[in-house]
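Engineer: here's a sequence, model it:
(one chain, ligands or ions: 1)
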Amino acid sequence: MIFSRSPADPSIRLLRHALSQVRGHFLRSVAWAALRQSAFLAMPWLLGRAVDAGVQAGSPGGALLYGGAFLAAACVEYAGMRGWQLWATLADNRAGTWLRTRLLKAILTVDTDTLQRRTGTFGDLTTRATRDVDTVLVWIHGLTTWVVIGLTTLVLVPAIGGLDPLLLLVAAATVPVLLVVNRVFPPAFGRRAEHLAAAHGARGSAADELLSALLPLRGVGADHVLVERHHRHSAEVTRSTMRLASIGSVWEAVAFSVPLLAVTTGLLVGGLAVADGRITVGALTTFVLWMGTVSLAVNAMTARLGDLTEARIAAGRIARVLDLPEPPRPYIGLPERDVLRVNGLTVRRPDRAAVGPLTLTAAPGEWVVLTGPTGSGKSTLLRAVAQLVPASGNAAFGDADLGDLDPDQLYRLVGLVPEGPLLLHGTVTENLLLPGDRPPAEVAAAARTAGLDLALAQLPDGLDTEVGERGGALSGGQRQLVTLARALLRDCPVLLLDDVTSALDAATEAEVLDRLRAATADRIVLFATHAPAVRARADREITLAAPGTGSAEPGAAAAVPAPDAEDLAPVRNSAREQEPLHG
Ligand SMILES: Nc1ncnc2c1ncn2[C@@H]1O[C@H](COP(=O)(O)OP(=O)(O)OP(=O)(O)O)[C@@H](O)[C@H]1O
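Structural biologist: Okay, the predicted model is just below:
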C-alpha cells in the first residue's frame, strides 16, 4: 500500500529507499512467510479430513494418514515461521544500520543553523536516530505480513466457498465492517502518533539540556528549572502515550471482535449445515479454524496499518534531516599552502542583525585577529569561513572556493577550534586522536605546541589521564589546551581559533601563544578574541561593528594593524585593509 502513494512525499521516498536497501533479505522473508502460511492454511483442512476419516468414515488408517500429514504441515509451518522471522529481523536490522549511518553522516556534514531551521530543534536528533528509526524498522519487519494476509485471502475465499457458500457469506460480511473500522481509526491514530513523536522529541531535547547544563545552572541555583522542564515534557509524553493507547485499544478491540462475531455466526450457520447434511463435521472444524486464521489476519492487518501510519510520521522526521546534505563534491587538487581570501562573507539569520561582511586576505604564516564587541559575530564568521553556517560572499583557498570542496577535504584544509572546548569521555590521548590515529611523536609535538605539557605535568597520568564526562575532570584551561592540540594534529594550512586561550592564566597564555606562533610559521591563523596577548602577537586585526550597527558595504569589517602589547587602546573601525605589522 505504500507503493500507491506519491513518490514526491519524502517520507514515502525514504521508506521505499530503506526497503530497497534490504531487498534480498526482504524477499527471502517473503518466501519463508509464504511457505509458512501455506502450511498453516493446510493444517485446518488436514485436521478436518482426519476428523471425517476417523469419526465419519470410521477409518483409523485414513485418520492416521491425515494426522501424519497434519504433523508434517506443522513442521513446515514451524520451519517457515523461523525462516520468516529470521530474515525479517535481518532485514530490519540492516535497514536500521543503513538509516542510522545516513542520519549520522547527514548530521555531521550539515551546518547547525540549517539543521535547526529544517528540523525545528537540535535535541530531538537523538529521538530521530533511536525511536523514529525503530518505528521504521517495526514497519519493515511487519511488511511481510501483507504476503500472509494476501495469501490467506487468496486461499480462503475459494476454500471456504467450496465448503459452503453460506459460510463464505458469513466470512465476507466482516469485510465491509473492517473497511469502515480501518477508515475511521487511522486518521485519529495518526494525529495522536504525531503528537507522541513530537512529545518524545521535546523530552529528548530537555534531557539533553539537563545533562549538559545541569552543572552550570546548579551554580546559580537554577538547576530545578531544568529538572522541572524535563518533568513537564515527561508528563506530556505520558499523556500522549495514553491518548494514543486509548484510541489504539479501541481500534484493536473492534477489529478483533468483528471476526470473533463472524466465527460465532459461522458456528451457528455451520452447525445447521451439518444438521442438514450439507457439510461434514470435519468441514465445520476446518471452517472454525480458518475463521481463527481470518481473525489473526485481520488483526495483523490492523496492526500493520497502524505501523504504516507511525512509520510515515517517523520517516518524515528522519527525511527532514537526511534531505539536508549537499550532493557529494569531488576532490580537487589543492596546493599544500596558499592564500586565504575572504570576500564579503555575511551571515543573515531570521530576526537577527546581519553579521559581517568580512573581507580579508591572509598569506601563509600570517595571524589575523578578529575582534569586536560581544555578539558582533566573531564566532559566527569563523564558522562561516569553515562552511558551518550558510553565508553570502565567499572564502577561498588559492583558487578553490571552500564552499565547493568535499567536506572531508575542507576539514583537512581548515581546522576550527570552537570557543567551548568539547571533550568526550576517555583519556587525553583518546581525545587527541578523535580525528584519526597519529604517531606518538606527532602527538607529543602537538601537545607541546599547545602547551599541554605544562598542564599534563599537573595531571597524575599525563596523556593517559581520564578526562571524565564531557571533559569535566579537567579544568577549563586544560580542556582548551587539549582541543587546541587536537586541531594542531590535523596539520591544516588554515587554523580558525575561537578565543582558545580565554581560560588560561597570563603566563601560560603567553607561553602557549609564543609556541603556537612559532609552530604556525607556514600556516594561516584567524583568531577570534579580545585577548590583549593574542592581539599583541597578531599581524593584523579586524574589528567588527556591534550587532546591527555595521555597514552593509563590503569592507565594513576590514583589517587594521594589530596593536603593540603596550598600546592596546580600543582599535578603530576602518573600511580599508592596512599594512601588516610583521613580515
Ligand atoms: N544559532 C544561532 N541562531 C541565531 N542567531 C545566532 C546563532 N548563533 C549566534 N547567533 C547570533 O549571532 C550574533 C553573533 O554571535 P557570535 O557568537 O558570532 O558573536 P561573538 O562576536 O563571537 O560574541 P562573543 O564575543 O560573545 O563570543 C549574536 O547576535 C548571536 O545572538
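Engineer: show me the strands in the chain, by range?
Structural biologist: Secondary structure of the chain (DSSP state E): strands located at 340-347, 355-362, 367-371, 392-397, 400-401, 414-417, 494-498, 524-528, 540-543, 559-561.
Engineer: show me the helices in the stretch 101-250 of the chain, by range?
Structural biologist: 112-119, 125-127, 133-143, 145-163, 165-219, 223-276 (DSSP state H, counting those that start in this stretch).
Engineer: and of the ones you listed, who's closest to A362?
Structural biologist: Closest to A362 of the helices of the stretch 101-250 of the chain, according to C-beta to C-beta: helix 112-119, at 24.6 Å. Where you see a C-beta, it was placed from the backbone N, CA and C, and this is true even at glycine.
Engineer: count of residues packed around P439?
Structural biologist: When neighbours are defined as other C-beta atoms under 10 Å, P439 has 8 of them.
Engineer: give the closest residue to the spatially most central residue of the chain in space, chain neighbours not counted.
Structural biologist: Here the mean C-alpha position of the chain is nearest to the C-alpha of A129 (C-alpha atoms, centre = their mean), at a distance of 3.4 Å. Spatial nearest neighbour of A129, excluding adjacent residues (C-beta to C-beta, 6 or more residues apart in numbering): L103 at 5.2 Å.
Engineer: so that neighbour makes contact with T130?
Structural biologist: No: counting by C-beta atoms under 8 Å, L103 does not reach T130; the two are 10.1 Å apart.
Engineer: compare the two (neighbour count), which wins?
Structural biologist: Higher neighbour count among L103 and T130: L103, with 18 against 13, using other C-beta under 10 Å.
Engineer: hang on, the earlier thing: of the helices of the stretch 101-250 of the chain, which shows the lowest average pLDDT?
Structural biologist: Across the helices of the stretch 101-250 of the chain, the stretch with the lowest average pLDDT is helix 112-119; it has a mean of 66.
Engineer: how near is D276 to the ligand?
Structural biologist: To the ligand, D276 is 79 Å away according to C-beta to the nearest ligand atom, to the nearest Å.
Engineer: quick one, what contacts that residue?
Structural biologist: For D276, no residue meets the contact criterion (C-beta atoms under 8 Å, 6 or more residues apart in numbering).
Engineer: quick check, pLDDT for the nearest residue to G344 once chain neighbours are set aside.
Structural biologist: Take G344 and drop its neighbours on the chain: the residue closest to it by C-beta to C-beta, 6+ apart is G393, 3.5 Å away. The model reports G393 with a pLDDT of 91.
Engineer: ditto for I524
Structural biologist: 95.
Engineer: verify the stated contact: it with L496.
Structural biologist: No: assessed by C-beta under 8 Å, I524 is found out of contact with L496, at 9.2 Å.
Engineer: the two: who's more crowded?
Structural biologist: L496 (27 against 24).
Engineer: quick one: D437 from L260, how far?
Structural biologist: Look at D437 and L260: by C-beta to C-beta, to the nearest Å, they are 63 Å apart.
Engineer: ok, which of the helices of the stretch 101-250 of the chain comes nearest A531?
Structural biologist: helix 165-219 (22.2 Å).
Engineer: ok, the residue nearest to A129 - contacts?
Structural biologist: For L103, the contact set (C-beta under 8 Å, 6+ apart) comprises 125, 128-129, 133, 318, 321-322.
Engineer: what residues does the stretch 201-350 of the chain put near the ligand?
Structural biologist: Those residues of the stretch 201-350 of the chain that sit near the ligand, judged by C-beta under 6 Å from any ligand atom, are R349.
Engineer: at 8 Å instead, please
Structural biologist: Residues of the stretch 201-350 of the chain found near the ligand, taking C-beta under 8 Å from any ligand atom as the criterion, are 347, 349.
Engineer: and the residue of the stretch 201-350 of the chain that's closest to the ligand?
Structural biologist: The nearest approach of the stretch 201-350 of the chain to the ligand comes at R349, 4.5 Å away (C-beta to the nearest ligand atom).
Engineer: what's the burial count for that residue?
Structural biologist: Neighbour tally, R349, other C-beta under 10 Å: 14.
Engineer: and what of S249?
Structural biologist: Neighbour tally, S249, other C-beta under 10 Å: 10.
Engineer: quick thing: my sequence starts at 46, can you match it?
Structural biologist: Got it, first residue is 46 now, which makes that one S294.
Engineer: picking that back up, the residue nearest to the centre of the chain touches R147, doesn't it?
Structural biologist: No: with contacts counted by C-beta under 8 Å, A174 stays clear of R147, the gap being 10.2 Å.
Engineer: so who does the closest residue to V96 other than its chain neighbours touch?
Structural biologist: Closest residue to V96 apart from its sequence neighbours, by C-beta to C-beta, 6+ apart: G327 at 3.9 Å. G327 makes contact with 92-98, 100-101, according to C-beta under 8 Å, 6+ apart.
Engineer: how close does G327 get to V333?
Structural biologist: 11 Å.
Engineer: please apply the same query to E514.
Structural biologist: Taking C-beta to C-beta, one finds E514 at 61 Å from V333.
Engineer: how many residues are close by L334?
Structural biologist: 18.
Engineer: cool, and Y376?
Structural biologist: 10.
Engineer: quick check: it touching Q454?
Structural biologist: Yes: with contact defined as C-beta under 8 Å, Y376 counts as touching Q454 (5.4 Å).
Engineer: if I look at L541, how far off is A399?
Structural biologist: From L541 to A399 the distance is 20 Å (C-beta to C-beta).
Engineer: should've said G207
Structural biologist: 77 Å.
Engineer: so between these two, which is more surrounded?
Structural biologist: Taking other C-beta under 10 Å, G207 and A399 do not tie; A399 has more neighbours (16 against 11).
Engineer: phi first, then psi, for the nearest residue to that one once chain neighbours are set aside.
Structural biologist: Closest residue to A399 apart from its sequence neighbours, by C-beta to C-beta, 6+ apart: R393 at 4.8 Å. The phi and psi values for R393, taken as degrees, to the nearest 10, are phi -120, psi 130.
Engineer: now for R393: which residues touch it?
Structural biologist: 399-400, 437.
Engineer: check A238 too.
Structural biologist: Contacts for A238 (C-beta under 8 Å, 6+ apart) come out as 289, 354-355, 358.
Engineer: of all those residues, which two lie farthest apart?
Structural biologist: Counting by C-beta to C-beta, the most remote pair of the contacts of A238 is L289 and I358, 11.4 Å apart.
Engineer: excluding its backbone neighbours, what's nearest E411?
Structural biologist: D584 (4.9 Å).
Engineer: with V282 instead?
Structural biologist: A244 (4.6 Å).
Engineer: what of G316?
Structural biologist: G316's closest residue in space is L329 (C-beta to C-beta, 6+ apart), at 7.1 Å.
Engineer: what residues does this protein put near the ligand?
Structural biologist: So the chain meets the ligand at 157-158, 161, 392, 394, 397-398, 400, 417-428, 434, 464, 543-544, 573, 575, 589, 592 (C-beta under 8 Å from any ligand atom).
Engineer: quick revisit: compare D482 and L305 and say which is more crowded by neighbours.
Structural biologist: L305 (14 against 7).
Engineer: isn't the more buried one up against S340?
Structural biologist: Yes: look at L305 against S340 with C-beta under 8 Å: they come within range, at 6.3 Å.
Engineer: for this structure, name the helix or strand with the lowest mean pLDDT.
Structural biologist: strand 604-606 (a mean of 47; mean pLDDT, DSSP states H and E).
Engineer: low-confidence stretches in this protein?
Structural biologist: Low-confidence segments of the chain (pLDDT under 70): 46-53, 153-169, 224, 227, 260-262, 264-265, 267, 304, 369-375, 592-628.
Engineer: report the residue ranges of every domain in it.
Structural biologist: Domain ranges of the chain: 59-367, 385-606, per automatic domain parsing.
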